[in-house]
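Student: quick one: sequence and predicted model below, then my questions.
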Amino acid sequence: MADRKIRVVVAKPGLDGHDRGAKVIARAFRDAGMEVIYTGLRQTPEQIVETAIQEDADAIGLSILSGAHEHYFKAINDILADKNASDIVVFGGGVIPDSDVPRLLELGAGAIFGPGTPTNECIEWLKEAVAGKNN
């Protein structure tokens, strides 16, 4: 794995049409030397997981502003488990109330990054999370 770049799928599930934050984090990951697959808007959980599996992704980053974060984190982690792909790290960001974060972590989210989180924090967390799953 040391010679392989981290591969991360950045996805916008559901009907949320605002993707500025997703594009900012995708560029930051790319600039940090990662391979980024951006799925575009209005993806289903099934499409996101299928993309991650097909692309041999190490991680899925979800950008959610619609308020449906609990549904999407649960659905994606359930599908990953059904497809024996639970080794793919799932994390996210967006306008998610702090009070909802513990529940998302219970559902399998590795981390939740709120608005204004410095991109270097996200990059360092992802590097550590991927390194941790490969040890």
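Tutor: Everything's here; your move.

Student: this structure: strands as residue ranges?
Tutor: 7-11, 35-38, 59-64, 89-94, 112-113 (DSSP state E).

Student: who's in contact with the shortest one?
Tutor: When contacts are defined by Cβ atoms under 8 Å, 6 or more residues apart in numbering, strand 112-113 is touched by residues 91-93, 96, 101, 104-105, 121-122, 125. In this view, the C-beta of every residue, glycine as well, is placed from N, C-alpha and C.

Student: specify which member of those is nearest to Val8.
Tutor: Comparing the contacts of strand 112-113 against Val8 with Cβ to Cβ picks out Phe91 as the nearest, at 9.2 Å.

Student: let me see the contact set for the closest one.
Tutor: Phe91 is in contact with 59-62, 109-113, 125-126, 129, counting by Cβ under 8 Å, 6+ apart.

Student: likewise Glu55?
Tutor: Glu55 neighbours (Cβ under 8 Å, 6+ apart): 7, 9, 37.

Student: which among these end up buried?
Tutor: 7, 9, 37 (16 or more other Cβ atoms under 10 Å).

Student: would JSON lines of the residues you listed with distance to His71 and pLDDT be doable?
Tutor: Shown next, in JSON lines, are the buried ones among the contacts of Glu55 (distance: Cβ to Cβ, whole Å; pLDDT from 0 to 100):
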{"residue": "Arg7", "distance to His71": "25", "pLDDT": "98"}
{"residue": "Val9", "distance to His71": "18", "pLDDT": "98"}
{"residue": "Ile37", "distance to His71": "23", "pLDDT": "98"}
